[in-house]
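Novice: Sequence and predicted model, in that order:
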Amino acid sequence: MSLKFLSDEWFAKVEELIAAAGDLEVPAALADLVLNVTVSDAEGGDVELCLDGGNMKKGHQDGAPTTLVLPEDLARRLFIENDQSAGMQGFMSGQIKVEGDMSKLMAMQTAQPSGPQIELQKQILEITA
């Protein structure tokens, strides 16, 4: 089953996968991290999501100290394909705009995903069109 990245159906399936995964053993650097993301240029307009404690959720979370604004293709490379070099390239080329506390991004960049997080990432990649 392939679902359109960032569609309502995709977010619903991601939520199911997260719930089914159980304890993801989220690294301490990610456990308390709340980061809002606005994906621009998505089909149908901007899409808001939140990275909260290592999990992706639909919508922004009130009070998040940092918001990233980036195009859909870059969001896919970063959050679905786990292409870490895309983050640095996007930032250096001005495709990623940061609003708020930049130090929160550093915490995300240095954290290594746990085994269960890597497995969940693979499952999300498999369902993403």
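Specialist: Received it, and whenever you're ready, just let me know what you need. Since this is a predicted model, take the numbers as computed values, not measurements. Numbers count the residues shown, from 1 in each chain.
Novice: backbone phi and psi for the residue nearest the centre of the chain, please?
Specialist: For the chain, the residue nearest the mean C-alpha position is F79 (4.5 Å; CA atoms, centre = their mean). With angles defined as degrees, to the nearest 10, F79 sits at phi -90, psi -20.
Novice: Equivalent analysis for E48, please.
Specialist: phi -100, psi 140.
Novice: in the helix or strand where S85 lies, what counts as buried?
Specialist: Using DSSP states H and E, S85 maps to helix 84-92. Of the residues in helix 84-92, 86-87, 90-91 count as buried by neighbour count, 16 or more other CB atoms under 10 Å. All C-beta spots, glycine's among them, are computed from the backbone N, C-alpha and C.
Novice: quick one, the lowest-mean-pLDDT helix or strand in the chain and helix 84-92 angle?
Specialist: Every helix and strand of the chain was ranked by mean pLDDT, DSSP states H and E. The lowest is helix 103-110, at a mean of 77. If you take axes from the mean of the first three to the mean of the last three CA atoms, to 10 degrees, helix 103-110 sits at 150 degrees to helix 84-92.
Novice: Only C-alpha atoms, please: export helix 103-110 in CSV.
Specialist: The C-alpha coordinates for helix 103-110 follow below in CSV (Å, rounded to 0.1, in the frame of the first residue of the first chain):
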residue,chain,number,x,y,z
SER,A,103,20.1,25.0,19.2
LYS,A,104,17.1,22.5,19.0
LEU,A,105,18.2,21.5,15.5
MET,A,106,21.7,20.7,16.8
ALA,A,107,20.2,18.2,19.3
MET,A,108,18.3,16.5,16.4
GLN,A,109,21.4,16.4,14.2
THR,A,110,23.6,14.6,16.8
